[in-house]
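Asker: I'd like to go over a predicted model; first the sequence, then the structure.
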Amino acid sequence: GESVGLHLPTLSVQEGDNSIINCAYSNSASDYFIWYKQESGKGPQFIIDIRSNMDKRQGQRVTVLLNKTVKHLSLQIAATQPGDSAVYFCAENMISARQLTFGSGTQLTVLP
Amino acid sequence: GAGVSQSPSNKVTEKGKDVELRCDPISGHTALYWYRQSLGQGLEFLIYFQGNSAPDKSGLPSDRFSAERTGGSVSTLTIQRTQQEDSAVYLCASSLGTAQYGWTFGSGTRLTVV
């Protein structure tokens, strides 16, 4: 039978292009944000994090931007490669909550 | 070990049976978290441990779910009288503390209730 559930937002990019994955978070008191990558059959893998006192942070081929005014987070992947194909989740945390709250995820597909 | 280890990796059980899922966190990580991920969805918080105590059990879906942690290390998530809606991937993560540290996830246990 047909499975019922939420369909993930999807993003398809050509190999070598830059990817931008967006996330709207819910709690203005969140002070720490993380991007995770999840490949099929595996647990989420840490990519990059950012604290609320910053608006940009760069890693290797990845950049996270934080706009607290509109509660928006984005992940930019430069020169996207086939190995980048995965589901990407943003997560927000408040120290007081002591847990991460995850977004619904975006499926990134890299086209040859 | 080098990472968070979960066992079994896959579990198929009959409706009404009890199951135990195990998580071995990274050595020295005092905080341990359980999440559930249903097909095509995000991660749903279940419970976290700081040491052996669980200050926040608010995410457990029903009283059929329970978890314990012993020796500040291994944790077991138990689901009693399993139902089909319990089918999901159960993920465990650990971190150095409950402050702002990166969390490391295991590969999860895929539970299928038939």
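Answerer: Yep, it's here. Residues are numbered from 1 along each chain as shown, chains lettered A, B, ... in the order given.
Asker: now residue A:54, nearest residue through space, not along the chain?
Answerer: residue A:66 (6.6 Å; Cβ to Cβ, 6 or more residues apart in numbering or on different chains). For the C-beta atoms, the positions are set from N, CA and C on the backbone; glycine is no exception.
Asker: buried sites along the helix or strand harbouring that neighbour?
Answerer: Using DSSP states H and E, residue A:66 sits within strand A:62-67. For strand A:62-67, the neighbour count (16 or more other Cβ atoms under 10 Å in any protein chain shown) marks A:62, A:63, A:64, A:65, A:66 as buried.
Asker: Alpha carbons of it, as PDB, please.
Answerer: What follows is strand A:62-67, C-alpha atoms only, in PDB (Å, rounded to 0.1, in the frame of the first residue of the first chain):
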ATOM      1  CA  VAL A  62      30.200  25.000   3.900                       C
ATOM      2  CA  THR A  63      29.000  28.200   5.300                       C
ATOM      3  CA  VAL A  64      26.200  28.800   7.700                       C
ATOM      4  CA  LEU A  65      24.300  32.100   7.900                       C
ATOM      5  CA  LEU A  66      22.100  33.100  10.700                       C
ATOM      6  CA  ASN A  67      19.400  35.800  10.600                       C
END
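Asker: Mind giving me the packing neighbours of the next helix or strand after that strand?
Answerer: Next in sequence after strand A:62-67, counting helices and strands by DSSP H and E, comes strand A:72-77. When contacts are defined as 3 or more Cβ pairs under 8 Å, 6 or more residues apart in numbering or on different chains; DSSP states H and E, strand A:72-77 packs onto strand A:19-24, strand A:32-38, strand A:45-51, strand A:62-67, strand A:86-93.
Asker: C-alpha coordinates for strand A:72-77, PDB please?
Answerer: Taking Å, rounded to 0.1, in the frame of the first residue of the first chain, the C-alpha atoms of strand A:72-77 are listed here in PDB:
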ATOM      1  CA  HIS A  72      16.200  31.900   9.500                       C
ATOM      2  CA  LEU A  73      19.200  29.700   9.000                       C
ATOM      3  CA  SER A  74      20.900  28.700   5.800                       C
ATOM      4  CA  LEU A  75      23.600  26.200   4.800                       C
ATOM      5  CA  GLN A  76      25.600  26.900   1.700                       C
ATOM      6  CA  ILE A  77      27.600  24.200   0.100                       C
END
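Asker: For it, what is the distance to the chain centroid?
Answerer: Its chain's average C-alpha position is 6 Å from that of strand A:72-77, according to Cα atoms, centre = their mean, to the nearest Å.
Asker: is it possible to export the helices and strands packed on strand A:72-77 to JSON lines including mean pLDDT?
Answerer: JSON lines is the format used below for the helices and strands packed on strand A:72-77 (pLDDT from 0 to 100):
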{"stretch": "strand A:19-24", "mean pLDDT": "94"}
{"stretch": "strand A:32-38", "mean pLDDT": "93"}
{"stretch": "strand A:45-51", "mean pLDDT": "93"}
{"stretch": "strand A:62-67", "mean pLDDT": "97"}
{"stretch": "strand A:86-93", "mean pLDDT": "92"}
